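1. what follows is a predicted structure for the sequence shown.
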Amino acid sequence: DTGVSQDPRHKITKRGQNVTFRCDPISEHNRLYWYRQTLGQGPEFLTYFQNEAQLEKSRLLSDRFSAERPKGSFSTLEIQRTEQGDSAMYLCASSLDWDSHYGYTFGSGTRLTVV
Amino acid sequence: DQQVKQNSPSLSVQEGRISILNCDYTNSMFDYFLWYKKYPAEGPTFLISISSIKDKNEDGRFTVFLNKSAKHLSLHIVPSQPGDSAVYFCAASVTGANNLFFGTGTRLTVIP
C-alpha cells in the first residue's frame, strides 16, 4: 500500500473556473476526510465520509464546494467558480476508524492557486 | 476562533539538546490531543497522542505532557536530531466528533 494519494499535486486555475481534486485513501480505510490549509495556518476540517456517506460538513464548505465518495473508495472534491480565497493546500486523510491513538494518515495534498 | 494555539512560530535548538514545543487550547470539551509533524511537500504525519485521562505519554525520544487545568500541552524531543527539523502541529478533538482542530504550527530547526 502506498498510503493516501492525491492528484494533482499542483493546480493553477483562473478565477471563475471549476476544479476537481482526487483522493485515493488507504484501501482498507473506511473513513475519509478533507482538510484545507492556508498559508500560516493549520489544517481546517472541511468534510468527512464514512464509506460512501458524507456524514459531516464544515461551515467552511460553501455551496461552491462538493465532495463525493462513490462506492466508498476514492473521493473527489470539486470547487465551482473558484475565487482567489480558495487558494490553499487541500489535504485528504483516511483512517480505519477514528482512533485517537494513531490519528489519520494524510496525503501530500493538492496545492491550488487561483489567479 | 482559534481553539488550538501555538504561539511560537519557530524554534531553533542545537543537536542533542531538548526541544520543547508548546500548545494551548480554549475548549474544555477537548479530550484527545495529538501532535503531527510535517516536512515540506508532504502531508502531516502522526507523531504521538494523549488522552485527557493521562498527563504524560512517552514514545521513544518523544514525550507529550498535558496540563488540563492550564489547558496546555507540550511536546518534548530528547535528544533532538537534525532529522527532527519540520513543522509541528498540535491538534485536539472531542470524543465522538469526526474532526480535528489544529494549531498554526511551530517550525523546529535542529542545528547540527
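-> In hand now; what should we look at?

2. low-confidence ranges in chain A?
-> A:1, A:98-102 (pLDDT under 70).

3. enumerate the residues of it near chain B.
-> Contact residues (CB under 8 Å from any CB of the partner chain) of chain A with chain B: A:4, A:31, A:33, A:40-45, A:48, A:55-56, A:58, A:91, A:93, A:98, A:100-109. To be clear about C-beta, it is placed using only N, CA and C from the backbone, and glycine gets the same treatment.

4. narrow those residues to just the buried residues.
-> Neighbour-count burial (16 or more other CB atoms under 10 Å in any protein chain shown) applied to the residues of chain A next to chain B gives A:4, A:31, A:33, A:42-45, A:48, A:56, A:58, A:91, A:93, A:98, A:100, A:103-109.

5. which of the residues you listed fall in helices?
-> Residues of those located in helices (DSSP state H): none.

6. A:Leu46 contacts A:Ser66, correct?
-> No. Assessed by CB atoms under 8 Å, A:Leu46 is found out of contact with A:Ser66, at 11.0 Å.

7. what's the overlap in contacts for these two?
-> Here A:Leu46 and A:Ser66 have A:Leu77 as joint contacts, going by CB atoms under 8 Å, 6 or more residues apart in numbering or on different chains.

8. the more surrounded of these two?
-> Under the criterion of other CB atoms under 10 Å in any protein chain shown, the comparison of A:Leu46 against A:Ser66 puts A:Leu46 first, with 22 against 15.

9. list the contacts of that one.
-> The contact partners of A:Leu46, taken as CB under 8 Å, 6+ apart, are A:Tyr33, A:Trp34, A:Tyr35, A:Arg36, A:Lys57, A:Ser58, A:Leu60, A:Leu61, A:Phe65, A:Ala67, A:Leu77, A:Tyr90.

10. recalculate using a threshold of 10 Å.
-> A:33-36, A:56-61, A:65, A:67, A:77, A:90-92, B:99 (CB atoms under 10 Å, 6 or more residues apart in numbering or on different chains).

11. count of neighbours near the residue nearest to it when sequence neighbours are not counted?
-> For A:Leu46, ignoring the flanking residues on the chain, the nearest one in space by CB to CB, 6 or more residues apart in numbering or on different chains is A:Trp34 at 4.2 Å. When neighbours are defined as other CB under 10 Å, A:Trp34 has 27 of them.

12. still on that earlier bit, out of the contacts of A:Leu46, which end up buried?
-> Applying 16+ other CB under 10 Å to the contacts of A:Leu46 flags A:33-36, A:56, A:58, A:61, A:65, A:67, A:77, A:90-92, B:99 as buried.

13. and which of those residues is nearest B:Pro79?
-> Using CB to CB, A:Leu91 comes nearest to B:Pro79 of these, at 30.6 Å.
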